[in-house]
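Enquirer: mind looking at a prediction? Sequence and model below.
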Amino acid sequence: MSERPVRVRFAPSPTGPLHIGGVRTALYNYLLARKLGGTMILRIEDTDQNRFVPGAEDYIRQSLEWVGIELDESPWKGGPHAPYRQSERKPIYREYADQLIRDGYAYYAFDTPEELDAMRERLQAAKVPNPQYNSITRTQMRNSLTLPENETQALLDAGAPYVIRLKVPRKEEIRFQDLIRGWVVVHSSAVDDKVLMKSDGMPTYHLANIVDDHLMEISHVIRGEEWLPSAPLHVLLYRYLGWEKTMPQFAHLPLLLKPDGTGKLSKRDGDRLGFPVFALEWHGTDPETGEPTVSRGYREDGYLPEALVNFLAFLGWNPGTSQEIFSMPELIEAFSIDRVSKSPAKFDVAKAKWYNEHYLRAKPDAELAPYLLAALGEHGIECSAEKAAQVVGVMKERVSFPQDFWQEAKYFFEAPTEYDQAVIAKKWNAQVSAALGAYADALPADSEPSANAEVLKSIFNQTMEAQGLKPGQVLQALRVAVTGAGAGPDLFETLAILGTGEVAQRLRAARERLG
RNA sequence: GGUCCGUUCGUCUAGGGGUUAGGACAGUAGAUUUUCAUUCUACCAACAGGGGUUCGAUUCCCCUACGGACUACCA
């Protein structure tokens, strides 16, 4: 049944920043497309003009770019089925809505919002199990099914506001096969007469989505589980439009849940729980106060895109092996829709952090250096790319995020202004101080190219022996005197990067301050 | 409320009629490391409950409970 080319689409609406769950949906679409040699399409679903948010579309584009999801057809790149923005396809939908009316599958409805509210209240009061505009209630409403034909025509001619609704059958079983869930069966009585065309002349999601997926020859619809309840409606639409044979295959992805408690992961959870729910930082406005707001992004928080992708891929999918680390090409190779799980996944950032640490350590020093260089630049400190790479090289095993480099390694660029008191109290005394003075004197000049960690260590050992001390008695004091901190990467590596001149100077300064 | 979907360690999950129910993250302990971190090793820890079917159910079926989604002229 699916001998035709694989074409998948990610279809966000530009109503705000792209949620991390949306990124995962896009990722799964992309993985399937690449795995099967198909086409990845992005379509902007902007049929609701009231919810348009400036900048959102660009944000979506940048988010996908950042995580490495490439689009074969999109509003920005174009393609054989352009335009890829629904607002630019407006006339197309009208045509199909008219077709549905002609064929008796849809009808005009003239009910005002007040009348609809009244209807719902009436139904509620009558304890109707599911109040909705359907095969029963439509007989009591103002629509082209209840109104005489000439009256309908008169209303239309007079320009009365109306919507077009789908005429859902009273008793019919609607079934379809979901790639992830198997057969899903819903009775038509549970589906209401959904609005297809709004009174502003724009289609609703339901109509636009089906028309576009058909016209764009989409083979697989991979989307979040929140769409599962409306899938039967979509099946009906394909049928009534005469497109059932080429209906795409559906795959409804399990939801991403809040890490604590329950419920779908939402935009607010990020601030509440202290982790980003967006790929990129978003600058918006509070809808209530109009105040500018900033929402954190994974990128700005220091996550590497490959770590985010790997983490996201594993939320709802696994390869069935014990391999945890996957690059994008490896994910593409291993991905298959039937290994996507049915049950929702709680979003746990701890795992994302672990992935980040992994990818950070795996990255070459030269690629990590720019992060440090940028922080140094902000603080007005000059540093060569070589030295930055060295520092990053010894630090990357002990940090989780690139921004930690500056935070944890300041002392490579600034002499300490205070010393870890716990270590001082325990390890610092007159004899140790004198020994460190001797070490400072024994250090070769800065220009000495042979002053590597190895050499510095042997000089240290010799000096201590001459002082009648064991290295272990002095090492911690040496570290604190030079870096101010009680912990850090290999001491002599640290000293080597610092340079002997700087080390000697810091040692003398420490002796002056600590006695 | 109604419809639909789901339920294996704290979390992500593997497995699938007979297993010591496996891995990863987190946690704990130990080894290495002059320190901290890394790394390595070990430990902790799960089949929601009740009925069936079966020689045997975590696995298949039903019910219950719990969780979630949806229930707009939003997507």
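Expert: Sure, I can see it.

Enquirer: under the pLDDT cut-off, which ranges of chain A? List them.
Expert: Scanning chain A for pLDDT under 70 picks out the ranges A:1-2, A:261, A:447-450.

Enquirer: per-domain residue ranges of it.
Expert: A:89-215, A:421-514 (automatic domain parsing).

Enquirer: and the longest one, how far out from the chain middle?
Expert: It refers to domain A:89-215. Mean-position distance between domain A:89-215 and its chain equals 35 Å (Cα atoms, centre = their mean, to the nearest Å).

Enquirer: ok, and does it reach over to RNA strand B?
Expert: Yes - Domain A:89-215 lies within reach of RNA strand B by Cβ under 7 Å from any atom of the strand, at A:111-113, A:116, A:120, A:129-133, A:161, A:163, A:181-182, A:184-187, A:190, A:192, A:195, A:198-200, A:202, A:204-206. (Glycine included, C-beta is placed from N, CA and C.)

Enquirer: filter those residues down to the ones in helices?
Expert: Among the residues of domain A:89-215 next to RNA strand B, DSSP state H puts A:Pro113, A:Leu116, A:Arg120, A:Tyr205, A:His206 in helices.

Enquirer: which one of these is nearest A:Phe335?
Expert: Comparing these against A:Phe335 with Cβ to Cβ places A:Tyr205 closest, at 27.2 Å.

Enquirer: out of the domains of chain A, which gets nearest to A:Pro254?
Expert: Here domain A:89-215 is closest among the domains of chain A (Cβ to Cβ), at 7.7 Å.

Enquirer: distance between the ends of that closest one?
Expert: Counting by Cα to Cα, to the nearest Å, you get 11 Å between the two ends of domain A:89-215.

Enquirer: the strands in chain A, which residues?
Expert: A:7-10, A:39-42, A:106-109, A:163-166, A:173-178, A:182-187, A:195-197, A:220-224, A:249-253, A:256-257, A:282-285, A:292-295, A:345-346 (DSSP state E).

Enquirer: so the nearest residue to A:Tyr355 once chain neighbours are set aside versus RNA strand B, what's the distance?
Expert: Nearest non-adjacent residue to A:Tyr355, counting by Cβ to Cβ, 6 or more residues apart in numbering: A:Ala307, 4.1 Å away. A:Ala307 is 12 Å from RNA strand B, where distance means Cβ to the nearest atom of the strand, to the nearest Å.

Enquirer: does A:Ala307 touch A:Arg361 like I think?
Expert: No - using Cβ atoms under 8 Å, A:Ala307 is not in contact with A:Arg361; the gap is 10.9 Å.

Enquirer: and the two? Which one has more around it.
Expert: More neighbours surround A:Ala307 than the other of A:Ala307 and A:Arg361, with 23 against 12 (other Cβ atoms under 10 Å).

Enquirer: near RNA strand B, which residues of the stretch 201-350 of chain A are found?
Expert: Neighbours of RNA strand B within the stretch 201-350 of chain A, by Cβ under 7 Å from any atom of the strand: A:202, A:204-206, A:225-230, A:254-255, A:257, A:259, A:261-264, A:314-316, A:318, A:320, A:322, A:324, A:339, A:341-346, A:348, A:350.

Enquirer: count the residues that sit near A:Ala425.
Expert: That count, for A:Ala425 with other Cβ under 10 Å as the rule, works out to 8.

Enquirer: with A:Ala350 instead?
Expert: Residues near A:Ala350, counting by other Cβ under 10 Å: 8.

Enquirer: surely A:Arg51 is in contact with A:Glu45?
Expert: No - using Cβ under 8 Å, A:Arg51 is not in contact with A:Glu45, being 10.6 Å away.

Enquirer: anything in contact with each of those two?
Expert: A:Ser13 (Cβ atoms under 8 Å, 6 or more residues apart in numbering).

Enquirer: the two: who's more crowded?
Expert: Using other Cβ under 10 Å as the criterion, A:Arg51 and A:Glu45 rank with A:Glu45 on top: 18 against 12.
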